[in-house]
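S.K.: what follows is a predicted protein model with its sequence.
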Amino acid sequence: MHGQAVIAGTRVLVSAILDCLAAGMTAEEITAEYPTVTVPGVRAAAAYGAASRNTQENFTAGAAKVGLGPRDIPPCVTFFAPVAVDPAGRFVWNETVKRPGDFVDLRAEMNTIVVLSNCAHPLNPARPSPSRPITLVRYRAPAAMADDPCRTGSAEAARAFAFTDRLYG
């Protein structure tokens with residue numbers, strides 16, 4: 001399958017099984033959907049995925065679900081990986097900057113596709129690196145008023161809002 005992992009003895013991609021699991025399907029539902037796959041095969045795929053799937057692969061899978069491909073995926077943003085730059089200019093893990101309850105608010109002024117991936121970071125020295133639960137809260141905020149600091153904070157922000165208003169206003 002051109003370098004893609006498959007379930008042993010089948011032509012079913014491990015990524016297909018991982019997508020089913022991510023969608024909440026049970027092993028029994030997956031084996032009904034893919035008759036050549038066994039429950040132990042589903043468990044093996046889950047173990048393989050836990051050990052090998054990375055954020056880029058998760059973004060690619062998430063984008064594919066809405067008809068987008070790898071070329072449509074911009075660079076990812078990592079909010080909670082405590083990576084710093086040491087005096088030699090190397091990226092290093094700095095656990096001391098993480099705090100319980102850390103959060104981020106994202107504001108989108110147009111329709112936006114958000115893909116979340118809660119994967120181990122390659123610089124985390126903990127092996128296996130723990131993935132912790134995340135909470136996503138989505139709400140519709142009122143439209144930004146003309147004097148909103150997000151609109152007026154810089155010339156670049158003003159141009160971005162003007163362009164967005166023309167497209168979606």
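M.R.: Noted; the coordinates are in hand. Numbers count the residues shown, from 1 in each chain.
S.K.: which phi and psi does T60 have?
M.R.: T60 adopts backbone torsions of phi -60, psi -40, taken as degrees, to the nearest 10.
S.K.: show me the contacts for it.
M.R.: Contact partners of T60, counting by CB atoms under 8 Å, 6 or more residues apart in numbering, are G69, P70, I73. No exception for glycine: its C-beta is placed from N, CA and C like everyone else's.
S.K.: which one is the second one nearest to, not counting chain neighbours?
M.R.: Okay, so that is P70. Spatial nearest neighbour of P70, excluding adjacent residues (CB to CB, 6 or more residues apart in numbering): T60 at 5.6 Å.
S.K.: residues contacting stretch 63-80, please?
M.R.: D19, T55, Q56, F59, T60, K98, D102, V104, I113, V115, S117, H121.
S.K.: list the buried residues for that stretch?
M.R.: Within stretch 63-80, the residues that qualify as buried are A63, counting by 16 or more other CB atoms under 10 Å.
S.K.: just how off-centre is that stretch within its chain?
M.R.: Relative to the mean C-alpha coordinate of its chain, stretch 63-80 is positioned 8 Å out (CA atoms, centre = their mean, to the nearest Å).
S.K.: state the distance from P75 to T55.
M.R.: 11 Å (CB to CB, to the nearest Å).
S.K.: the protein: strands as residue ranges?
M.R.: Listed in chain order, the strands of the chain (DSSP state E) span 83-85, 91-93.
S.K.: now distance to G41 too, for these, in a markdown table please.
M.R.: Listed next are the strands of the chain as a markdown table, based on distance: least, CB to CB, whole Å:
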| stretch | distance to G41 |
| --- | --- |
| strand 83-85 | 36 |
| strand 91-93 | 35 |
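S.K.: just name the most buried of the ones you listed.
M.R.: Most buried of those, by mean neighbour count (mean count of other CB atoms under 10 Å): strand 91-93, with a mean of 14.
S.K.: domains for the protein, by residue range?
M.R.: As recorded under automatic domain parsing, the domains making up the chain are 14-53, 68-136, 139-169.
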